[in-house]
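1. fold the following.
(2 chains)
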Number of protein chains: 2
Amino acid sequence: MKLYDSKMAPNPRRTRIFLAEKGITIPTEQVDMMKMEHRTPEYTAVNPLQRMPALVLDDSTVITESVAICRYFEALQPEPPLFGVGAKEIALVEMWNRRAEINFFSNVAAVFRHLHPAMKELEVPQVPAYAEAMRPRVFWFLELAERELATRDFLAGDRFSVADITMLVAVDFMKPSRLAMPDNLPNVKRWHAAVSSRPSARA
Amino acid sequence: MKLYDSKMAPNPRRTRIFLAEKGITIPTEQVDMMKMEHRTPEYTAVNPLQRMPALVLDDSTVITESVAICRYFEALQPEPPLFGVGAKEIALVEMWNRRAEINFFSNVAAVFRHLHPAMKELEVPQVPAYAEAMRPRVFWFLELAERELATRDFLAGDRFSVADITMLVAVDFMKPSRLAMPDNLPNVKRWHAAVSSRPSARA
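-> Here you go, the predicted model:
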């Protein structure tokens, strides 16, 4: 088994944090996206979508998409549960992981991809007007999260889950995306301090 | 239990097809998105994100995001399995569902949202340049799917799964998005005919 990982990018970090929470270590190969190593013929043979990360199993099956890799390990080693237990919690974790991803992370990433000078060769064409259209949605979702986190410790309930991993990675990706965290979000701030203090956050 | 459904929109159709495959029927309320009924205070109280569909459980818990609703019913009634069985199949279904969603469905939707005149009041601001940037990615993914479907019956393997539901709904959403299906994709065409002929496709 081998994990293709990129230290700089947010999606591979989701998988690293997940594995750290599970206490799982696996052989890893670094792919430098700034050197376009994810666009080489070698890596394209692993993942034709040229995205990171990718997990190659011992039978040569390739699993891509950070959340799919996380689900693989959740099935192999259910404890501690990070995708919920029982129909209702499973649904709420999926709901919040998707809300954080579709309505927040993807908009932070849109600002990064379509405005950042470092992305000129990677996101072709950059559409700055799209970044500007998505920018207010980043702050809209943070205000929604502020109201939700007033009632509980974690995004999907009282237990840390993959939804918190997605949200943490996305919040931390605001900085390279040149999006400043507003000052008036005490519950988001409390949540961010709590999840950032977990040893997994350093993964 | 009650499902808020919209007959016109693609995401609610994912949930309807999933329920039809499971043979589950539940009380449903139609929300007319063309009449902006998903932006009313009543529906916003159900789903602050103003997106469709939404499932309200008997204890008043609200589950939104079509795939989260599907997972709720998969946990309640595992047969027939639509999210895979065993670590490897679970991961491959998640991978293909996400690939179909992130690299295809979202790009078809981008063309619809940012170009279609009917979306002028719903997608503010429309950024036509973003639609044009995403348009070639729709066809790029169809060519990838063509190569993959040469080797198997369904997107994630030999068994029909939620990934096929996502792909079917997205392919059918090309028409209102004014994207023509290319003629030279025999495997995609064979797959589309097969999944469209299932009774669930009429849901």
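2. for stretch A:74-87, the distance to its chain's centre please.
-> 18 Å (CA atoms, centre = their mean, to the nearest Å).
3. what residues does chain A put near chain B?
-> A:48-49, A:57, A:61, A:63-65, A:67-69, A:71-73, A:75-76, A:86-88, A:90-92, A:94-95, A:98-99, A:102-103, A:125, A:127, A:129-130, A:133, A:144 (CB under 8 Å from any CB of the partner chain). Where C-beta positions appear, they are placed from N, C-alpha and C, glycine not excepted.
4. okay, and which of those map to strands?
-> A:63-64 (DSSP state E).
5. among the residues of chain A next to chain B, which lie within helices?
-> Counting by DSSP state H, the residues of chain A next to chain B place A:67-69, A:71-73, A:75-76, A:87-88, A:90-92, A:94-95, A:98-99, A:129-130, A:133, A:144 in helices.
6. can you turn the buried part of these into a PyMOL selection?
-> Buried members of these, defined by 16 or more other CB atoms under 10 Å in any protein chain shown, are picked up in PyMOL with:
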select buried, chain A and resi 67+68+69+71+72+73+75+87+88+90+91+92+94+95+98+99+130+133
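7. B:F154 versus the most far-flung residue of chain A relative to its centre, what's the distance?
-> Note on chain A: the largest C-alpha distance from the chain mean falls to A:D59, namely 26.8 Å (CA atoms, centre = their mean). For A:D59, the distance to B:F154 equals 20 Å [CB to CB, to the nearest Å].
8. please apply the same query to A:A194.
-> 42 Å.
9. please apply the same query to A:F18.
-> Taking CB to CB, one finds A:F18 at 27 Å from B:F154.
10. more neighbours: the two, which one.
-> A:F18 (24 against 19; other CB atoms under 10 Å in any protein chain shown).
11. quick one, grab the pLDDT at the more buried one.
-> A:F18 is assigned a predicted lDDT (pLDDT) of 98.
12. repeat for the one 3 residues further on
-> What the model reports as pLDDT for A:E21 is 98.
13. from what I can see it touches A:S161, true?
-> No - with contact defined as CB atoms under 8 Å, A:E21 does not reach A:S161; the gap is 9.6 Å.
14. comparing these two, which residue is more hemmed in?
-> Legend: neighbour count by other CB under 10 Å for A:E21 and A:S161, higher for A:S161 (26 against 22).
15. ok, now how distant is A:W96 from A:R152?
-> Taking CB to CB, one finds A:W96 at 11 Å from A:R152.
16. which of the two has more neighbours?
-> Higher neighbour count among A:W96 and A:R152: A:W96, with 26 against 13, using other CB under 10 Å.
17. the more buried one and A:S161 touch, don't they?
-> Yes - with contact defined as CB under 8 Å, A:W96 and A:S161 form a contacting pair (7.4 Å).
18. domains in chain A, by residue range?
-> A:2-76, A:87-202 (automatic domain parsing).
19. can you check the distance spanned by the shortest one, start to finish?
-> Taking CA to CA, to the nearest Å as the measure, domain A:2-76 stretches 16 Å from start to finish.
20. pull up the overlap in contacts between A:E21 and A:S161.
-> The contact sets of A:E21 and A:S161 overlap at A:L82 (CB atoms under 8 Å, 6 or more residues apart in numbering or on different chains).
21. okay, A:R13: pLDDT?
-> Confidence score, pLDDT, at A:R13: 98.
22. give me the buried positions along whatever helix or strand it lives in.
-> Take DSSP states H and E as the rule and A:R13 turns out to sit in helix A:10-22. Within helix A:10-22, the residues that count as buried by 16+ other CB under 10 Å are A:10-22.
23. what's the distance between stretch A:65-75 and the middle of its chain?
-> 12 Å.
24. that's a strand at the residue farthest from the centre of chain A, yeah?
-> No - assignment of A:D59 by DSSP: H, G, I helix; E, B strand; the rest coil gives coil, placing it outside any strand.
25. could you measure from A:V46 over to A:Y4?
-> Counting by CB to CB, the separation of A:V46 from A:Y4 is 6 Å.
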